[in-house]
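**Q** need coordinates for the following:
(2 chains)
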Amino acid sequence: MQQVASSVKKQTLLSTRLRERKAPTLSMAPMIDCVFLLLIFFMVSTTFSPMPGIRVQLPPPGKPNTEKPKGLIVRIANPSDGQREGVMVLNDEVVEIEQMFSRFINANEEQKNMLIIQSERRVLHEQIVQIMDRAKQAGIDKIGFAVVARE
Amino acid sequence: MIKRKQKDRDEDIPMAPMIDCVFLLLIFFMVSAIMRIPPPFSVNLPDSATKHEFPRKKYNVFISQDGRLSVDDQEMLTLEDLDLFLAANENKISTLIIKADRRAEHGVVIDVMERAKQRFSKPEGQEIALAVSEET
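**A** Residues are numbered from 1 along each chain as shown, chains lettered A, B, ... in the order given. Model prediction:
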């Protein structure tokens, strides 16, 4: 018991003596470690890449279109239960999404002026984006939306 | 012996300039870091081959699968809330980016676009972007 106590005393003595002898310097290494960590965190979380999206140009407010629009009209029905896509009708014909692009490309110039998407409310956003994608690829820049009004 | 020790110490890499550099870099990245503010629900963006590029900014409208709306992390309970928010921040939003889930209903997306159209009174019409997924 006594031995342990004496050794502890010796140790504390030793350590205090060491402390006294050491010059009081700021240790830089841990701070640099921290700063580097922060740096790496910010470097990784920074994204310089722009966000991809589809541009939609809305007409100025307060001017509803009264003239009969010229252009292609795609009508989309609500998807039936368990189905993800609603039936699409282009010029009174049922069209699959795969055929959409060739239909758009082969349309005449006057029709290519504009695409109007008439859809029901429950049609999924994905399907609309796919049609817009095909239209933009086929060179149709103006896309209009028409939906059944909210109940 | 002592002499060599001193010489060793002299040849240490000077830390101060490096720390200066690192701090500068740190500040640069901190300032340029755009905090990604996650919405209160998960959103899976739809795929598309057409991709226009838009800068990442604050004030994105998120639309969830079940029709919930939020602007950044602030949930909008009704369309009127969104309307008020858009009105309050009209000048801060140049391009309204709508991040709608791929399974969101198109009707809700249209409602949001309609509100945005009414709210922004620019003569040339407001630019809106529908965000698509980043995977190619």
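
**Q** what's the domain layout of chain B?
**A** Domain assignment for chain B by automatic domain parsing gives B:2-32, B:60-130.

**Q** out of the ones you listed, nearest to residue A:88?
**A** domain B:60-130 (12.6 Å; Cβ to Cβ). Where you see a C-beta, it was placed from the backbone N, CA and C, and this is true even at glycine.

**Q** how far off centre is that closest one?
**A** How far domain B:60-130 lies from its chain's middle: 15 Å, per Cα atoms, centre = their mean, to the nearest Å.

**Q** check stretch A:88-106 too.
**A** Worked out by Cα atoms, centre = their mean, stretch A:88-106 lies 28 Å from the chain centre.

**Q** about what we covered before: hey, which of the domains of chain B is tucked in deepest?
**A** Among the domains of chain B, domain B:60-130 has the highest mean neighbour count (mean count of other Cβ atoms under 10 Å in any protein chain shown), at a mean of 18.

**Q** that one: end-to-end distance?
**A** 10 Å (Cα to Cα, to the nearest Å).

**Q** picking up where we left off before, using JSON lines, lay out the domains of chain B together with mean pLDDT and distance to chain A.
**A** Listed next are the domains of chain B as JSON lines, based on pLDDT from 0 to 100; distance: least, Cβ to the nearest Cβ, whole Å:
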{"stretch": "domain B:2-32", "mean pLDDT": "73", "distance to chain A": "4"}
{"stretch": "domain B:60-130", "mean pLDDT": "82", "distance to chain A": "3"}
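
**Q** by proximity to chain B, which residue of chain A wins?
**A** residue A:121 (2.9 Å; Cβ to the nearest Cβ).

**Q** tally of neighbours for that residue?
**A** 17 (other Cβ atoms under 10 Å in any protein chain shown).

**Q** look up the pLDDT of it for me, please.
**A** Residue A:121 carries a pLDDT value of 84.

**Q** cool, the one 3 residues further on as well?
**A** The predicted structure scores residue A:124 at 88 on the pLDDT scale.

**Q** now swap in residue B:1 and tell me
**A** Reading off the model, residue B:1 has pLDDT 51.

**Q** got the domains of chain B as JSON lines, with distance to residue A:83 columns?
**A** Formatted as JSON lines, the domains of chain B follow (distance: least, Cβ to Cβ, whole Å):
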{"stretch": "domain B:2-32", "distance to residue A:83": "45"}
{"stretch": "domain B:60-130", "distance to residue A:83": "12"}
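
**Q** could you say which one of the ones you listed comes nearest to residue A:90?
**A** Judging these by Cβ to Cβ, what sits closest to residue A:90 is domain B:60-130, at 16.9 Å.

**Q** quick one: the helices in chain B, in order.
**A** B:2-10, B:15-32, B:79-88, B:106-119 (DSSP state H).

**Q** of these, give the one that comes closest to residue A:105.
**A** Residue A:105 sits nearest to helix B:106-119 of all these, at 24.3 Å, using Cβ to Cβ.

**Q** could you check the angle that closest one makes with helix B:79-88?
**A** 40 degrees (axes from the mean of the first three to the mean of the last three Cα atoms, to 10 degrees).

**Q** helices and strands around helix B:106-119, which ones?
**A** helix A:125-137, strand A:142-147, strand B:60-63, helix B:79-88, strand B:95-100, strand B:127-131 (3 or more Cβ pairs under 8 Å, 6 or more residues apart in numbering or on different chains; DSSP states H and E).

**Q** quick one: strands adjacent to the last one?
**A** When sheet partners are counted by DSSP bridges, strand B:127-131 sits next to strand A:51-57 (antiparallel), strand B:95-100 (parallel).

**Q** so which of those strands is nearest residue B:51?
**A** strand A:51-57 (3.8 Å).

**Q** ok, and for the closest one, which residues are buried?
**A** A:51-56 (16 or more other Cβ atoms under 10 Å in any protein chain shown).

**Q** tell me if stretch A:130-144 is near chain B.
**A** Yes: on the criterion Cβ under 8 Å from any Cβ of the partner chain, stretch A:130-144 is in touch with chain B at A:130, A:132-133, A:136-137.

**Q** about what we covered before: residue A:74 is nearest to which of the strands paired with strand B:127-131?
**A** Closest among these, using Cβ to Cβ: strand A:51-57, at 15.7 Å.

**Q** with that, I have no additional questions.
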